[in-house]
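1. coordinates for the following, if possible.
(one chain, ligands or ions: 1)
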Amino acid sequence: MTVRPVVITGDPVLHRPAAKVTDFNDDLRTLIADMHETMDAANGVGLAAPQIGVGLRIFTFVFGNDDDAPDRGEIVNPVLTVGKITEENPDPDEEAEGCLSVPGLSYPLKRAEWVKIAGFDPHGVPIGWEATGWFARVMQHEYDHLDGKLYVDRLNTKWARKAKKAIRAEGWPKAGGTWQPGVDQDPFGHGEEA
Ligand SMILES: [Zn+2]
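-> Numbers count the residues shown, from 1 in each chain. Have a look, this model is predicted:
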């Protein structure tokens with residue numbers, strides 16, 4: 001298994017819809033193993049294939065949940081049904097989201113409290129579950145990646161303005177930017193001594 005570089009916002013692979021997986025073969029399973037390895041090295045709770053530069057509809061996750069889903073898993077070619085999203089302003093303390101492809105930044109965003117997801121395991125067997133709370137957020141965030149959408153694309157006007165400014169200040173809106181989990185400093189300060 002290999003830890004792959006994580007692609008940073010600005011690269012086209014993150015901003016276009018990913019393609020459906022058609023072959024459930026050993027290459028797919030190797031890719032998924034690499035995604036788990038990369039997600040763990042990056043201290044992430046989820047990782048979508050476009051984030052390692054692969055434009056396929058797959059994501060992995062590791063998130064303890066009370067829903068009828070594994071704590072660690074992956075889903076291929078998912079279809080997402082999203083519950084209602086309130087119009088309220090997001091809470092900066094309780095609803096701040098981050099993304100490994102927008103390293104070091106975090107902005108609040110309203111998400112649906114409930115989703116249903118259906119797709120396939122790495123052998124092409126149908127799987128699916130319902131998710132609630134923060135686990136539902138993880139499903140929505142990772143699913144968005146497969147449609148070429150980042151959480152910063154969903155922010156309200158106030159937070160979108162701040163995010164745009166910060167992203168510009170980082171000099172990211174260009175192709176080819178990556179960081180290497182386990183080598184580069186952890187962008188969210190995980191795994192470091194307090
Ligand atoms: Zn992300």
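2. in this protein, which residue is closest to the centre?
-> Nearest to the geometric centre of the chain sits residue 142, at 3.6 Å (Cα atoms, centre = their mean).
3. helices and strands around the longest strand along the chain, which ones?
-> Criterion DSSP state E: the longest strand present in the chain is strand 72-82. With contacts defined as 3 or more Cβ pairs under 8 Å, 6 or more residues apart in numbering; DSSP states H and E, the packing partners of strand 72-82 are helix 26-41, strand 58-62, strand 114-120, helix 133-146. All C-beta atoms are positioned from the backbone trio N, CA, C, and that covers glycine.
4. quick one, it and helix 26-41 angle?
-> Interaxial angle, strand 72-82 versus helix 26-41 (axes from the mean of the first three to the mean of the last three Cα atoms, to 10 degrees): 90 degrees.
5. what about the residue lying closest to the residue nearest to the centre of the chain once chain neighbours are set aside, how many neighbours?
-> Ranked by Cβ to Cβ, 6 or more residues apart in numbering and with sequence neighbours excluded, the top spatial neighbour of residue 142 is residue 59, at 3.9 Å. Residue 59: 30 surrounding residues under other Cβ atoms under 10 Å.
6. tell me the pLDDT of residue 59.
-> pLDDT recorded at residue 59 is 98.
7. that one against residue 75, yeah?
-> Yes: counting by Cβ atoms under 8 Å, residue 59 does reach residue 75; the two are 6.3 Å apart.
8. helix or strand next in line after the longest strand of the chain, which one?
-> Sequence order places strand 96-98 as the next helix or strand after strand 72-82, per DSSP states H and E.
9. who's in contact with that next one?
-> By Cβ atoms under 8 Å, 6 or more residues apart in numbering, the residues outside strand 96-98 that reach it are 105-109, 111, 137, 141, 151, 188.
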